Each structure stands twice: as C-alpha cells, then as structure tokens.
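Participant: Structure of the sequence below:
(chains A and B)
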Amino acid sequence: MNRTTICIALLFILALSLSLPGWLKKEQDLPVTQTEEAWIPNYQAKKMRSTLYDKTGNINHQVFAEYMENYDLLGFTLFKRPEYLLYSQTRHPWQVNAQEGTLYEDQRLQFETDVEIKSLNDDGYMQIIRTQFVEINLIDKTMTSDQAVEIVGPNYVINSNGFTVSLETQRYELLDHVKTVYQPSPQN
Amino acid sequence: GKEDFTKTIKVASNYQEGDGINKQAIYRGNVQISQGTLMVKADEVQVDASLGEGKEVFIASGNPAEYSQQQEDGSTVKAKANQIMYKRATRSLSLDGDALIEQNSSSVKGNSILFNMELEQIIAQGNNQESGRVITIFQPESTSESNAAKQQESQP
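Facilitator: Next up, the predicted model:
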C-alpha cells in the first residue's frame, strides 16, 4: 500500500464524509399549499350526462358535456361543449348549447362562446337566443347578458346589446336595443 | 307605394321591453319604423303581435308622431297625430289627437282620421270641432286608376 493509494483513500473518505449528511437528510415532501390543492379538480368526467330530478320525479335540469371538471374548494364546475336542458317540467323548457359552461355553487350558470338558447315549446314567442355570453340564475330563473344578442322569433329578429329575460314569464328587457325586423306578411 | 307592404318592417329604438307570453313589445326612445318608403317616427311604439304573424298592430305615440310614405304617383303623403296606429293586416292608419294629413296638395285636419295606405285614401274622419274651423279639402284629379270618390265640402 504505497502512499498514493493511502492519499486517494483519504481523499475518498473526506469526500464521502462531506457529502454523506446531504444524502441522508430526509427530503420532507413539500406541503401542497391550500390554494394549489384547490386547483386540482376533485373529479373529471368525459361525455358526461347528469340529470337532476325534483321531488315529483320530473327532470329539473339535465346537462350533457364533452368534458367536465369539478372544483369543490373553489365552488364551481367547468363544462366543455355543454348541452343544458333547463326547467324541462315547466311550460317553458329551454335548451342551452355553448362552447364552455360554468356552474357556480350559488346556482349561477354561465355560458360562453357561441351560446344558443332554444325554447323547446314551439309556440313560444322567443324561439332562439344567440349570444357570446349569458349568465342564468337558476333560482329566480332569469338570464342576463351584456354582450350583443340576437333573439329570433316566429317572424321577427331582434338585435340588441345586452338583455335580461325571465325564463318563466318570458318578459324581456333590452337596455341598448339596436333594431327589430319583422318579416313580410306571408299571405301576399 | 303598394310594394312597401311586401317588405320587412324595421323598428329601431334605444330601448325595448316585451312579454313573450302576451306577444306585446314596447319600444322607447326615438323610435323609427320603416317599411320600404313608409316611415313612422315616434317617442314610443307599442307592438301587439298577439293577432298572429303579418297582423301586427303598431301604436306609435309622440307629440306628435309622424308618418310619411311615397305614393304610387311618386308624391309623398305625410301625417301627424298624437297617436298613429298602423294595422298591418288592413294596411290602414288611424290618426288620433290633432290629426293632420297632407296628400297631393290637400290637407285634412281633425281629431281622428282613418287613412287606407293601399288605396291612398282617407276613409273616415271624425272632427268634433267645437272651434268651428273649416276643413278644406282640395281633391285633385286623381291620376291613379283607383277612382277617388268625389268628396264634397265637409261641414264643420
């Protein structure tokens, strides 16, 4: 064992003793902070259909979505390409289609991008409502938007910026009405 | 002219509210109704669509509400009144409250006037004129083929 091997061994032991404590220190796992955890969806679903029945067994509302994520802590659910059936058991059921939808805990439902709201009973005077954003309050059954909106009826089309509509009484108000066009009368 | 009535009716206004169940709508804020050459300007217009498509009734009120339309012979008929009701089905206009209608250099004043826009003729005219004003009507030789009935001097 000539001196060089001893030196190398000494150096090796020195290096080892210096780095050993670092290796042995147990990495405590980083605590996931409260907010980060909230951003992780509690559950996700693809091609999901959820139906909510009321006491009498009728469908209260039904939603079909390509994709859905629920965030309990943040209190909302995100839908991709949702198709929402609303108030199906009332006289004025509505179907809402859009690119994105968000259902908040306080029963507010927001739809964005290519929103189309169709009245399912065809004698309703408002047949289709098209806009880029709408917020529906599921409790008092009203719908509001501040975006450009087009309301299509049997023989008229209304253009307006923003609207509020009561889905129950079918009363609407357009604060910034642009124009309404009535089609020519059918008979002559 | 007649082809106005085959055209769409456009209603522009600042504000509109309506009721889908009773099929009523109210327009407010410089309301303008236009259908071909037919024009109505008013402060408020109520539309009753409960009679069905093509049978809407437009009730325009203002001080005054104004109407104008080009006639078959190219001249323009004008009218003013506190309230102008345009019944789409009968193509008639009823003017109420300080009604005035000017047509082919003749003008008629009265409390209420009923005007058929298709025949371009005054049908009825109520004028409980206590003020005794004489309403003169100069009936021009009507060129259009509809033979305008000779209208005698109406008594106050």
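Participant: partners of residue 86 in the sheet?
Facilitator: The chain I'm using is chain A. A:H61, A:W94 (DSSP bridges).
Participant: I was thinking of chain B, sorry if that wasn't clear
Facilitator: As for beta bridges, B:Y86 partners with B:F58, B:L93 under DSSP bridges.
Participant: Now do the same contact list for it.
Facilitator: With contact taken as C-beta atoms under 8 Å, 6 or more residues apart in numbering or on different chains, B:Y86 is in contact with B:33, B:40, B:57-58, B:60, B:67, B:92-93. Backbone N, C-alpha and C define where each C-beta goes, glycine included.
Participant: Any chance of CSV for these, columns neighbour count, pLDDT and distance to B:N116?
Facilitator: Output for the contacts of B:Y86, formatted as CSV (neighbours: other C-beta atoms under 10 Å in any protein chain shown; pLDDT from 0 to 100; distance: C-beta to C-beta, whole Å):
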residue, neighbour count, pLDDT, distance to B:N116
B:I33, 25, 95, 18
B:V40, 24, 95, 16
B:V57, 16, 94, 15
B:F58, 25, 94, 16
B:A60, 28, 96, 18
B:Y67, 24, 95, 13
B:S92, 17, 91, 5
B:L93, 27, 93, 8
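Participant: Check the secondary structure at A:E36 for me.
Facilitator: helix (DSSP: H, G, I helix; E, B strand; the rest coil).
Participant: try A:A15
Facilitator: At A:A15 the chain is in helix, as set by three-state DSSP.
Participant: Around chain B, pick out the residues from chain A.
Facilitator: Chain A comes close to chain B at residues A:124-126, A:154-156, A:158, A:160, A:169-188, as judged by C-beta under 8 Å from any C-beta of the partner chain.
Participant: Which of those residues fall in strands?
Facilitator: Judged by DSSP state E, strands contain the following of the residues of chain A next to chain B: A:156, A:158, A:160, A:171-174, A:176-182.
Participant: residue boundaries of the strands in chain B?
Facilitator: Applying DSSP E to chain B gives strands spanning B:9-12, B:15-19, B:24-35, B:38-48, B:57-70, B:76-87, B:92-103, B:106-116, B:121-126.
Participant: nearest to A:K118, of the ones you listed?
Facilitator: Comparison of these against A:K118 by C-beta to C-beta identifies strand B:15-19 as nearest, at 18.3 Å.
Participant: tell me what that closest one is packed against?
Facilitator: Judged by 3 or more C-beta pairs under 8 Å, 6 or more residues apart in numbering or on different chains; DSSP states H and E, strand B:15-19 is in contact with strand A:171-174, strand A:176-182, strand B:24-35.
Participant: Quick one: those strands as JSON lines, columns for distance to B:D48 too.
Facilitator: Shown next, in JSON lines, are the helices and strands packed on strand B:15-19 (distance: least, C-beta to C-beta, whole Å):
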{"stretch": "strand A:171-174", "distance to B:D48": "15"}
{"stretch": "strand A:176-182", "distance to B:D48": "12"}
{"stretch": "strand B:24-35", "distance to B:D48": "6"}
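Participant: Looking at the ones you listed, which one is packed in the most?
Facilitator: Comparing the helices and strands packed on strand B:15-19 by mean neighbour count (mean count of other C-beta atoms under 10 Å in any protein chain shown), strand A:171-174 comes out on top with a mean of 21.
Participant: what sits against B:K55?
Facilitator: By C-beta under 8 Å, 6+ apart, the contact list for B:K55 reads A:185, B:88-89.
Participant: Kindly indicate which of those residues lies nearest A:N70.
Facilitator: A:S185 (50.8 Å).
Participant: Return the residues in contact with the residue most central in space within chain B.
Facilitator: The centre of chain B sits closest to B:L93, judged by C-alpha atoms, centre = their mean, with a distance of 3.5 Å. Neighbour list for B:L93: B:67, B:79, B:84-87, B:114-117 [criterion: C-beta under 8 Å, 6+ apart].
Participant: what does A:P82 give?
Facilitator: Neighbour list for A:P82: A:63-65, A:68, A:96-98, A:100-101, A:111 [criterion: C-beta under 8 Å, 6+ apart].
Participant: Can you name every helix or strand that the worst-scoring helix or strand of chain B on mean pLDDT contacts?
Facilitator: The helix or strand of chain B with the poorest confidence is strand B:121-126; it has a mean of 77 (mean pLDDT, DSSP states H and E). Judged by 3+ C-beta pairs under 8 Å, 6+ apart, the packing partners of strand B:121-126 are strand B:92-103, strand B:106-116.
Participant: Tell me which helix or strand the closest residue to A:V63 other than its chain neighbours sits in.
Facilitator: Using C-beta to C-beta, 6 or more residues apart in numbering or on different chains and skipping the chain neighbours, the partner closest in space to A:V63 is A:Y84 (4.9 Å). A:Y84 is located in strand A:83-86, with elements delineated by DSSP states H and E.
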